[in-house]
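1. Have a look; sequence and predicted model below, questions after that.
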Amino acid sequence: MATPRPIRSMDPYAEQFWSYTQIKEFRLQKCSECGKFRWPPGPTCDRCLSDEFEWTLMAGRGKILSWTTFHRSYFPEYPAPHTTIVLELDEGPLFAAYPVKIGPEDLSEGMELSLRWTDGLDEFGDYNLPVFGPLTE
Ligand SMILES: [Zn+2]
C-alpha cells in the first residue's frame with residue numbers, strides 16, 4: 001500500500017500534472033507563446049496571458065535556493081522534524097519538495113539535487129510524488 005499523505009490540491013490542471021506522475025514523468029506547463037514555465041499549473045500565463053501551453057518533460061535537476069525544517073507537526077503524515085526545500089530547476093521554475101537520502105544538516109545553498117520518486121496515497125488515489133536527493137548515492 002502506498003504511503004498516506006495530506007490531500008493534494010486538485011483542479012483540472014493539477015490533475016494533468018499528477019496524471020504524468022503516474023508514469024513517473026515530471027512535466028510542467030510551458031507557455032507556447034513566450035516559453036515561461038508555470039508552477040503551480042493554471043489556465044493562463046502570468047507573463048503574456050496566453051492560454052496555450054504544453055506539458056514539457058523536465059530534466060529533473062535543480063539547485064537548492066532555500067530550505068526550512070518544521071519543528072512542529074502540521075500533518076500527521078509528516079511528523080516533526082520535517083524539512084522542505086525550494087529548488088530552482090535547471091529550466092528556471094522554482095519547485096518545492098522534500099529532500100531524500102540527505103539530512104537537513106547536509107543541505108547547502110546552490111547544492112545540486114536530482115529527481116527521485118516516492119509513493120503517495122490520498123483521497124484522489126495512488127500517485128507518485130516528486131522528491132529530490134543527491135546526484136550520487
Ligand atoms: Zn507566456
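-> Right, received. Where do you want to start?

2. Give me the number of neighbouring residues for the spatially closest residue to Val100 that is not a sequence neighbour.
-> Distances taken as C-beta to C-beta, 6 or more residues apart in numbering place Gly133 nearest to Val100, at 4.4 Å, with adjacent residues excluded. C-beta here means a position set from N, CA and C on the backbone, and glycine is covered the same way. Residues lying near Gly133 (other C-beta atoms under 10 Å) number 17.

3. And the one 3 residues further on, by the same measure?
-> The local packing count at Thr136 equals 5, with neighbours defined by other C-beta under 10 Å.

4. hmm, back to that, give the contact list for the residue nearest to Val100.
-> The contact partners of Gly133, by C-beta atoms under 8 Å, 6 or more residues apart in numbering, come to Pro99, Val100, Lys101, Ile102, Leu113, Ser114, Arg116.

5. So which of those residues sit within strands?
-> Leu113, Ser114, Arg116 (DSSP state E).

6. In a markdown table, list these along with pLDDT and neighbour count.
-> Output for the ones in strands among the contacts of Gly133, formatted as a markdown table (pLDDT from 0 to 100; neighbours: other C-beta atoms under 10 Å):
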| residue | pLDDT | neighbour count |
| --- | --- | --- |
| Leu113 | 98 | 23 |
| Ser114 | 98 | 15 |
| Arg116 | 97 | 18 |
